[in-house]
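In: Model the structure of this input:
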Amino acid sequence: QVQLVESGGGLVQAGGSLRLSCAASGRTFSTYGMGWFRQTPGKEREFVAAMYSSGGTKYYADSVKGRFTISRDNAKNTVYLQMNSLKPEDTAVYYCAAGHFLGTVGAGTPSQYNYWGQGTQVTVSS
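Out: Numbers count the residues shown, from 1 in each chain. Just a heads-up that it's a prediction; the model follows:
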């Protein structure tokens, strides 16, 4: 069992930066791939970024590539999402998730993730 708690969301002007954190409970955190998704009202949950348990390959949605960076600290049971050059269209509730996925398609598929946080709101003003 893994419990996830996101933090770091808030209101920021376009062009600004935020760093989201996702703290995990449980000793098995380091065995899970971790992902970030986002969702706006009336829309499907959208993949943002993901990485494997051991680090290495990272996956990003085209819309955030070059602006967002996912990282993790297994010693702290925490995964991060550094978001730079934010745009109003990045406004959403951001969720972290833990699971076992494989490849680009797997990383971007919500059903590949077993555990989800409660979400943190990110609002980017123009």
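In: isn't Tyr115 right up against Val2?
Out: Yes - using CB atoms under 8 Å, Tyr115 makes contact with Val2 at a distance of 4.4 Å. For glycine as for every other residue, the C-beta is placed from the backbone atoms N, C-alpha and C.
In: if I look at these two, which residues touch both of them?
Out: The contact sets of Tyr115 and Val2 overlap at 32, 98 (CB atoms under 8 Å, 6 or more residues apart in numbering).
In: What segments of this structure are strands?
Out: 4-7, 10-13, 18-24, 33-39, 46-52, 55-60, 68-73, 78-83, 92-99, 113-116, 120-125 (DSSP state E).
In: okay if I get those as JSON lines plus mean pLDDT, mean neighbour count and distance to Val105?
Out: Listed next are these as JSON lines, based on pLDDT from 0 to 100; neighbours: other CB atoms under 10 Å; distance: least, CB to CB, whole Å:
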{"stretch": "strand 4-7", "mean pLDDT": "98", "mean neighbour count": "18", "distance to Val105": "22"}
{"stretch": "strand 10-13", "mean pLDDT": "98", "mean neighbour count": "13", "distance to Val105": "31"}
{"stretch": "strand 18-24", "mean pLDDT": "98", "mean neighbour count": "20", "distance to Val105": "22"}
{"stretch": "strand 33-39", "mean pLDDT": "98", "mean neighbour count": "24", "distance to Val105": "13"}
{"stretch": "strand 46-52", "mean pLDDT": "97", "mean neighbour count": "22", "distance to Val105": "10"}
{"stretch": "strand 55-60", "mean pLDDT": "92", "mean neighbour count": "14", "distance to Val105": "10"}
{"stretch": "strand 68-73", "mean pLDDT": "97", "mean neighbour count": "18", "distance to Val105": "17"}
{"stretch": "strand 78-83", "mean pLDDT": "98", "mean neighbour count": "22", "distance to Val105": "20"}
{"stretch": "strand 92-99", "mean pLDDT": "98", "mean neighbour count": "23", "distance to Val105": "13"}
{"stretch": "strand 113-116", "mean pLDDT": "96", "mean neighbour count": "18", "distance to Val105": "13"}
{"stretch": "strand 120-125", "mean pLDDT": "98", "mean neighbour count": "17", "distance to Val105": "25"}
